[in-house]
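# Got a predicted model here, sequence first, then my questions.
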Amino acid sequence: MSIGPRGFTPAELKAKRVGVLYGGLSSEREVSLRTGAAVTGALKGLGYDVVEIDVGKDLPARLIAEKVDVAWLALHGRFGEDGCIQGLLEAMFIPYTGSGVMASAVGMDKVYAKEIFVARGIPTPPYRAFDSAEAALAEGDRLPFPFPVVVKPSREGSSVGVHICKTREDYTAAVQDASKHAGTLLVEQFIKGREVQGGVLDNEALGVIEVKAAREFYDYEAKYKAGSGTQYLFPAPLPPDLYARVNEVSLGAHKALGCSGGSRSDVIVTEGGDVFLLEINTLPGMTASSLLPKIAAGRGIDFPALCERLLQGASLKA
């Protein structure tokens, strides 16, 4: 009998009520709806007793009314990926998939995550963080790295509010837009190179996929819009030493934050062979076009098996 990484067996789980938590209140709600539908279909197809719960302010009452024993987190962004839901589930003693409160909260905040990556010696582009748009604009001519730069809100995912700025004028517009979103403002040196993603499952590096976006970079439309022209290459056609280095950096980021279950790291590989970690996703997308499922499939783990593997890892972490 196969046993999950924390001890749930499929037989034990099939005697439980599994709540797939999806939707939610963040700017990534639409992506979460797709993840929730895909995961629900996979788990039902495997014979699990699944109830879908579109997360709102009544979530505690819904979890009790539906008699949920285990939660499969299909949420993305704030109030789902940032430790808030994880804390609620800990307090209600409902085991859940993915990372715990601390790893989720730090992973969601790009500035705090970068501070840990730097402390652990994980290469990441130079950056500055600003508490307000006014502060970012005032320092725009004194950044410690040249244009182009990347402007991001620190607490959004799916590339929401992310801009590549080639000029001071671009920078002003980007800061004004990014400041409308959650968190502080992160201004990062733009690193030119190949966009690759490293997948990790249960403290094992799964592999690396290369993304070739038809747009300027792998932004929201390149990720989710049908017919975007994005190409996915697995395994990423990198020299063996660079492939291993991306795996090493992705696994290092996963462990540095204390993540559980699956994670996906965004990485840049330069022409000179340098590797830079941009950010980590502690609840990566599980849609038809999502990258962790593509990486897992390349390793022989199909989508239903991946959903089940993550379910087997459900636990309380506090």
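Perfect, thanks for sending it.

# gap between residue 312 and residue 304?
13 Å (Cβ to Cβ, to the nearest Å). Using the backbone N, CA and C atoms, a C-beta is placed for each residue, glycine as well.

# who has more neighbours, those two?
residue 312 (23 against 16; other Cβ atoms under 10 Å).

# That one contacts residue 9, correct?
Yes - contact criterion Cβ atoms under 8 Å: residue 312 and residue 9 qualify, at 7.3 Å.

# Whichever helix or strand residue 208 is part of: which residues count as buried?
Residue 208 belongs to strand 204-212 when assigned by DSSP states H and E. Going by neighbour count (16 or more other Cβ atoms under 10 Å), the buried part of strand 204-212 is 205, 206, 207, 208, 209, 210, 211.

# Give the buried residues for the host helix or strand of residue 309.
Residue 309 is part of helix 303-312 when elements are defined by DSSP H and E. For helix 303-312, the neighbour count (16+ other Cβ under 10 Å) marks 303, 304, 306, 307, 308, 309, 310, 311, 312 as buried.

# which one of the residues you listed is nearest residue 61?
residue 311 (23.6 Å; Cβ to Cβ).

# And the closest one, how close does it get to residue 96?
For residue 311, the distance to residue 96 - Cβ to Cβ - is 10 Å.

# now swap in residue 78 and tell me
From residue 78 to residue 96 the distance is 17 Å (Cβ to Cβ).

# Name the residue in the two with the higher neighbour count.
residue 96 (27 against 21).

# How about the more buried one, nearest residue that isn't a chain neighbour?
Spatial nearest neighbour of residue 96, chain neighbours left out: residue 71 (4.1 Å); criterion: Cβ to Cβ, 6 or more residues apart in numbering.

# so how many other residues sit close to that neighbour?
Residue 71: 26 neighbours (other Cβ under 10 Å).

# Ok, residue 316 next?
14.

# need the contact list for it.
89, 90, 93, 94, 95, 96 (Cβ atoms under 8 Å, 6 or more residues apart in numbering).
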